[in-house]
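Trainee: Fold the following.
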Amino acid sequence: LQFLYLIGLRRKGTALATMMRSLLMLALCAAAHGAVGLHGPTAVPAGWRATGGRAAPDAVFHNVMLGLKRGNGAALKELVAEVSNPRGAKYLQYPSYEEMGALVRPAAHHTAAVKGWLAAHGVAVVSEHPHGDYMKVSATAAQLEAMVGCELVEFEHTESGKRVHRAVDGIRVPDDVAAALDTVTGFTSFPLMSMSGGAVAAEAGAPPGELGGYNCRVTPPVVRSTYNVTASAAPSGKNIQAIAQFSGQYVNDGVLAATCATSVWEMGGEKCAVSKYVGDKNVPTEEGAESMLDTEYIVPVSGDHETWVYTYASFDFCGDLQTFGSDVTGESTHPTVISISYGSQYIGACPSESMARFAADVEKMAGMGITVMIASGDDGSGHVVRQGVNAGKLAPSYPASIPHAIAVGATSWAGNGTSGAEAATTAFGSGGGFSWDFDMPSYQTDAAQQYLRTVPDQPTLAFAKTGRGTPDVSALGESFLIGTIAAPPLGVLGRCISGTSASAPSFAGMVSLLNDVCVEAGGKTLGFANPLFYQNPGMFRDVTLGTNAVGENTQGWKAVKGWDASTGLGTPDFPSMVKVVREACGSARN
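Mentor: Numbering: from 1, shown residues only. All right, here's what the predicted structure looks like:
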């Protein structure tokens, strides 16, 4: 999302006045008494401009999150490695919720330093994570500016007209507070103005109660039949699935129910609803195509599983990810698989401190038995991306590049067909490559290094040769039919949509079914499944056709035999996955 920020405040008066204002803003940051830098400056993404305005002193920011430094980071990393390794003695032996809290709880003097700092500025804690590693506060603009030493400047998105107030010159806090915190978020990053989903094409209305007559090639029954997906174990009450929605996307429960009731969805009367909303208020009258896509596929593909939706409407994407991380781990009852369809392939999309913190949140989720599946992006090899150009570098999507997430790429049928061999999608570039932010994890080192040694026509643009490789897996992601709202008497309208944001919820629905198998065999859920996947590549159909060099990205990564940076390990062979999961989980039973 980011470009280097050059202050361009438009004020009445001379250019000298503008320059002086810019210098004053920088001086305010540097002059905070006894303060040290916690975050560096925020780069302003393309399409946003400073208006010259500033947040009113009494304007309230309700979702300010403080990420406290967790205790025992090395021990948590070791625990996650052990519970995620099918070849280890502690595979799937997750700690209790209370044990996890005892492991990661911040030092008492760190908590005291943060609370003292807040009290000194008249700011109260709205909520505190049960494990103590997050605090949520509500503060006025005047309080925030005094706390972090910078102005909250108004920015406008030139295309949509949306306006936000952000502190872009870095965060400075007292040294004892800096020692206690990883991040302060909720007023420093910008909205993700476009979802991960790629090409979108509207269709005409369908007859009342139906969605027929479209040229879309994929529906939930097609996903299930393509990968031979069946319920292979009785549904377990332990398995809850979820999606996360950001940036003004909402689920319309009525449209979800009506879509699932059409004959096209072949639900056969199974439950098709959201059981619980967490986070900000869901606004069904403002439903978004992304949220409808996510729910209309994760629910039907998985069948009868409880589904939650995490909602974040503050339009601070990088900060919202951490609010989401706090919410997921903030309850002892939580989802066991979560699908996220949002991200950016622009280098620096989020501040490095925020990226590291959310990666640690996902690692904690892995230690709690939660599978996090994230769309791998729709900007191919990631040189020319929707937020700008990566200046001679190729980059995968964040947060899909987080080592403890499972990145899901997109395929379609070769030759634009409706069955048979799959290839990397050509409707858009399925995001993939090697991260500049995270090192290559041990579970994929052999596969990724083999690929880099042998792949033909390797890109000449710069890429991170020792970085985390994505995607991990793939699934169909092109020409998906979804139901959207319609005015009477037409009933539910349909449209076609493509993107890795179609692949991720579909795959997550399959993981819900695999979790049923795992619970039946061993009493546990899969949690972070990448080690299992990479140790058992035969559970996937290898995709060897295509590339993610699509459109303006003329250089990219080819699909070849074995893992590749276009389609990962391949697409699901669900019966094989069931067999591997049943054996692995059965061997892990206490």
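Trainee: Pretty sure Asn499 sits against Ala375.
Mentor: No, residue 499 isn't Asn; it's Gly. Yes - with contact taken as C-beta atoms under 8 Å, Gly499 and Ala375 are classed as touching, separated by 6.9 Å. To be clear about C-beta, it is placed using only N, CA and C from the backbone, and glycine gets the same treatment.
Trainee: give me the low-pLDDT residue ranges for the stretch 301-450 of the chain?
Mentor: Under the criterion pLDDT under 70, no range of the stretch 301-450 of the chain is flagged.
Trainee: What of the chain?
Mentor: In the chain (pLDDT under 70), the answer is 1-34, 193-214, 268-269, 486-491, 590.
Trainee: So Gly499 and Ala375 - more neighbours on which side?
Mentor: Set side by side, Gly499 and Ala375 give different neighbour counts by other C-beta atoms under 10 Å, the larger being at Ala375 (35 against 29).
Trainee: Tell me who's in contact with the closest residue to that one other than its chain neighbours.
Mentor: Nearest in space to Ala375, with sequence neighbours left out and distances taken as C-beta to C-beta, 6 or more residues apart in numbering, is Thr500 at 3.8 Å. The neighbours of Thr500, taking C-beta atoms under 8 Å, 6 or more residues apart in numbering as the test, are 196-198, 341, 375-378, 408-410, 430-431, 471, 477.
Trainee: Okay, buried residues for the helix or strand Met147 falls within please.
Mentor: Using DSSP states H and E, Met147 sits within helix 141-148. Buried residues in helix 141-148, counted by 16 or more other C-beta atoms under 10 Å: Ala141, Ala142, Gln143, Leu144, Glu145, Met147, Val148.
Trainee: Can you tell me what sits against that helix?
Mentor: Residues external to helix 141-148 that are found in contact with it (C-beta under 8 Å, 6+ apart): 32, 55-61, 64, 117, 121-123, 139, 151-152, 165, 167, 171-173, 184, 187.
Trainee: if we go to 10 Å?
Mentor: Contacts to helix 141-148, defined as C-beta atoms under 10 Å, 6 or more residues apart in numbering, come from residues 28-29, 32, 35, 38-39, 54-61, 64, 117-118, 120-123, 137, 139-140, 150-152, 165, 167, 169-174, 177, 184, 186-188.
Trainee: same deal with stretch 124-131?
Mentor: 62-68, 70-71, 97-98, 100-106, 111, 114-115, 118-119, 134-139, 325-327, 329-332, 364.
Trainee: Kindly give a single ChimeraX line that selects the buried subset of the residues you listed.
Mentor: For selection in ChimeraX, the members of those meeting the burial criterion (16+ other C-beta under 10 Å) are listed in this command:
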select :63,64,65,66,67,68,70,71,100,101,103,104,105,106,111,114,115,118,134,135,136,137,138,139,325,326,327,329,330,364
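Trainee: Strands - which of the contacts of stretch 124-131 land there?
Mentor: In strands, judged by DSSP state E, the following of these are found: 62-68, 134-139.
Trainee: Work out which residue lies at the spatial centre of this protein.
Mentor: Of all residues in the chain, the one closest to the mean position by C-alpha atoms, centre = their mean is Ile340, 4.2 Å from it.
Trainee: Next secondary structure element downstream of the longest helix along the chain?
Mentor: The residue-count maximum for a helix in the chain (DSSP state H) belongs to helix 500-522. Of the helices and strands lying after helix 500-522 in sequence (DSSP H and E), the nearest is helix 530-535.
Trainee: can I get the CA coordinates of that following helix in PDB?
Mentor: The C-alpha trace of helix 530-535 is given here as PDB (Å, rounded to 0.1, in the frame of the first residue of the first chain):
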ATOM      1  CA  ASN A 530       2.100 -26.700   6.600                       C
ATOM      2  CA  PRO A 531       4.600 -29.200   8.000                       C
ATOM      3  CA  LEU A 532       2.100 -32.000   7.400                       C
ATOM      4  CA  PHE A 533       1.500 -30.700   3.900                       C
ATOM      5  CA  TYR A 534       5.100 -30.400   2.900                       C
ATOM      6  CA  GLN A 535       6.000 -33.800   4.400                       C
END
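Trainee: buried residues in that helix?
Mentor: If you call a residue buried by 16+ other C-beta under 10 Å, then helix 530-535 has these buried ones: Asn530, Pro531, Leu532, Phe533, Tyr534.
Trainee: Report all helices and strands that that helix contacts.
Mentor: Helices and strands touching helix 530-535, by 3 or more C-beta pairs under 10 Å, 6 or more residues apart in numbering; DSSP states H and E, are helix 73-84, strand 406-413, helix 445-454, helix 574-587.
Trainee: just checking, what packs against the one helix or strand His165 maps to?
Mentor: When secondary structure is defined by DSSP H and E, His165 falls within strand 163-166. In this structure, strand 163-166 packs against strand 48-54, strand 153-157, with contacts taken as 3+ C-beta pairs under 10 Å, 6+ apart.
Trainee: ok, now with 8 Å
Mentor: strand 153-157 (3 or more C-beta pairs under 8 Å, 6 or more residues apart in numbering; DSSP states H and E).
Trainee: Partner strands of the strand it packs on and their direction?
Mentor: Strand 153-157 has these partner strands in its sheet, going by DSSP bridges: strand 48-54 (antiparallel), strand 163-166 (antiparallel).
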